[in-house]
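Asker: Sequence first, predicted model second:
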Amino acid sequence: MLLVLLAAATGVALTMPGVSLLHAGGIGVQPLLPLLAAVIAMGVIARGGVPIGALGWLMMVGTALALSALTSVDPGASLLYFAFQVTTAALAALGFGYLLAERSLRVAFLNGYVFGALLSAAASVLQFTTSTFLGFAFRLANNQNFELIAPWGRGMAFTAEASLLATVMMPALLAVYLERQREDSAILPLFRSLPALLLLLAGYVASKSSTIIFLLPALLLAETLMQRDLFGALKKYARHLVFFVLLAAVFFPLYQSRLAATDAQFSSAGRLEKMLAGFSIAGDHPVLGAGPGMVSDPAFFDPYVNHIVDWSWKAFDMPDKGIDSAVIRTLAESGGIGLLATYYPVLLLFAAAAAMARRPDLRPFLPIAVCLLFSQSLVSGYRDLTIFYLPLVIGAVGAFLCRQAEAASNPAPQSARTTIRVDDPSPADRRLSHQGIPP
């Protein structure tokens with residue numbers, strides 16, 4: 001029961017990266033990290049094993065990061081970032097791995113996440129309303145890892161920036177939209193009701209985030225992965241297009257205020273500058289990258305930036321650092337090996353998608369994973385946005401669960417099973433049982 005409660009609380013915490021429980025040495029500790037640590041501790045005590053698929057991914061990522069740190073352009077500086085990133089990856093891999101490996105925990109985790117998104121949507125609408133029509137803005141974020149600003153004219157909820165709110169909300173929005181009329185859905189009926197969907201839509205629109213450009217592609221890709229016949233997919237594509245057009249008709253009039261203030265144009269141009277710099281770094285360090293954390297070093301990163309944007313309106317006098325893309329940052333800091341080690345579960349996710357779509361307790365995680373993968377192309381920050389590890393763990397663990405379920409439905413011939421005792425499962429069977437699948 002305690003693990004189920006921890007699973008639900010962890011789901012809620014996914015939507016609150018801007019909230020910090022405490023600050024140690026200038027670093028904020030968001031609720032998600034200690035919750036994942038608690039899940040791991042309880043999982044080891046209650047289950048007595050580790051999620052195999054997630055552990056394999058963690059070992060690959062850890063090895064790639066270690067090699068990158070050893071060959072870094074500044075090994076001393078990379079060591080600290082290596083420790084941060086490996087620790088966060090371990091918490092995500094094992095914590096999310098335990099939550100995804102057992103049905104009851106998956107369902108609690110999923111519904112906790114949707115509930116957190118609904119809370120964030122309500123807060124986003126309230127922030128947008130008060131700052132736009134009543135003349136005052138209130139901030140709910142306190143995490144010093146981010147630049148904290150007041151949410152004037154945009155909803156930010158429990159994040160430090162409107163684009164981050166859209167990042168953590170869009171997966172829940174699409175999951176609820178795709179699951180709303182499915183009677184076998186693992187999402188609670190209240191959370192996928194029409195009022196809940198409208199609240200999620202309102203909260204997302206209130207963020208005025210440019211991530212809306214990902215909404216339709218993510219929706220169509222998720223639907224494609226879940227469909228087994230082309231005709232059925234085409235019928236649903238038409239419905240999704242109508243949904244997107246209606247959403248865009250509401251969103252773009254609000255978005256005009258960002259265009260009029262040049263905020264959106266400068267934001268997009270600044271992101272592009274840094275992404276191109278990331279590719280330049282990867283060109284100079286193609287195999288193992290420049291080293292963990294080097295993109296955060298202005299002295300190293302700024303010379304790679306081709307400053308095509310006039311930032312004088314903002315009194316911009318600080319050198320650039322950081323890349324607004326988790327994918328490109330991984331390529332720049334860890335090279336091609338790091339990119340493959342980090343993102344190979346995406347291939348496992350696509351391969352197992354059809355099998356996952358047949359299981360109501362796994363199906364909602366497909367649109368969640370797809371959305372988060374799209375978002376990683378324009379948002380970065382694994383240390384602070386641990387949710388970005390979730391689609392990779394979904395791919396690693398989901399593929400493992402589906403393979404084992406298929407093996408269980410196609411047992412070996414009797415002659416191959418005569419040496420296996422029912423009361424003495426093999427070590428492999430014991431490991432599989434820790435994933436929540438009966439041997």
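Answerer: Yep, it's here.

Asker: alpha carbons only for contacts and neighbour counts from here, please
Answerer: Will do.

Asker: Any idea how many residues pack against Phe136?
Answerer: Residues near Phe136, counting by other CA atoms under 10 Å, number 15.

Asker: what about the closest residue to it other than its chain neighbours, distance to Ala150?
Answerer: With CA to CA, 6 or more residues apart in numbering as the criterion, Phe136 has its nearest non-adjacent residue at 5.7 Å, and that residue is Thr130. To Ala150, Thr130 is 12 Å away according to CA to CA, to the nearest Å.

Asker: now swap in Ala351 and tell me
Answerer: 43 Å.

Asker: In terms of neighbours, single out the busier of these two.
Answerer: Neighbours were counted for Ala351 and for Ala150 using other CA under 10 Å; Ala150 has more, 18 against 14.

Asker: hang on, isn't the more buried one packed against Phe136?
Answerer: No: Ala150 is beyond contact range of Phe136, at 9.4 Å (criterion: CA atoms under 8 Å).

Asker: Quick check: neighbours shared by Thr130 and Ala150?
Answerer: Listed as contacting both Thr130 and Ala150 by CA atoms under 8 Å, 6 or more residues apart in numbering are Ala137.

Asker: quick one: the strands in this protein?
Answerer: Applying DSSP state E to the chain gives strands spanning 22-24, 27-29.

Asker: Find the residue at the geometric middle of the protein.
Answerer: Note on the chain: the residue nearest the mean C-alpha position is Phe388, at 3.0 Å, using CA atoms, centre = their mean.

Asker: And the pLDDT for the nearest residue to Ala90 once chain neighbours are set aside?
Answerer: The shortest distance from Ala90 to any residue other than its chain neighbours is 6.4 Å, reached at Leu58 (CA to CA, 6+ apart). In this model, Leu58 is scored at 95, pLDDT.

Asker: residues touching Leu58, list them.
Answerer: By CA under 8 Å, 6+ apart, the residues touching Leu58 are Ala89, Ala90, Ala93.

Asker: returning to that earlier point: any idea how far Cys402 is from the residue nearest to the centre of the chain?
Answerer: Distance of Phe388 to Cys402, given as CA to CA: 22 Å.

Asker: residues near Arg103, how many?
Answerer: Per other CA under 10 Å, the neighbour tally for Arg103 reads 17.

Asker: same check, this time on Thr63
Answerer: Counted by other CA under 10 Å, the residues lying close to Thr63 total 15.

Asker: pLDDT score for it?
Answerer: pLDDT, Thr63: 96.

Asker: what sits against it?
Answerer: Under the criterion of CA under 8 Å, 6+ apart, Thr63 has no neighbours.

Asker: Quick check: neighbours shared by Ala150 and Phe136?
Answerer: Counting by CA under 8 Å, 6+ apart, no residue touches both Ala150 and Phe136.

Asker: Can you pull the phi/psi pair for the nearest residue to Ala357 once chain neighbours are set aside?
Answerer: Nearest residue to Ala357, sequence neighbours excluded (CA to CA, 6+ apart): Arg363, at 4.5 Å. Note on Arg363: its backbone torsions stand at phi -50, psi -40 [degrees, to the nearest 10].

Asker: mind checking how far Arg363 is from Leu110?
Answerer: 11 Å.

Asker: Which one's more surrounded, those two?
Answerer: A count of neighbours by other CA under 10 Å puts Leu110 above the other of Arg363 and Leu110, at 29 against 23.

Asker: Now do the helices in the stretch 51-200 of the chain.
Answerer: Per DSSP state H, counting those that start in this stretch, the stretch 51-200 of the chain carries helices over the ranges 52-70, 75-101, 103-129, 162-179, 194-206.

Asker: where does this structure have low pLDDT?
Answerer: Applying pLDDT under 70 to the chain flags residues 25, 228-233, 255-268, 307-321, 381-383, 406, 409-439.
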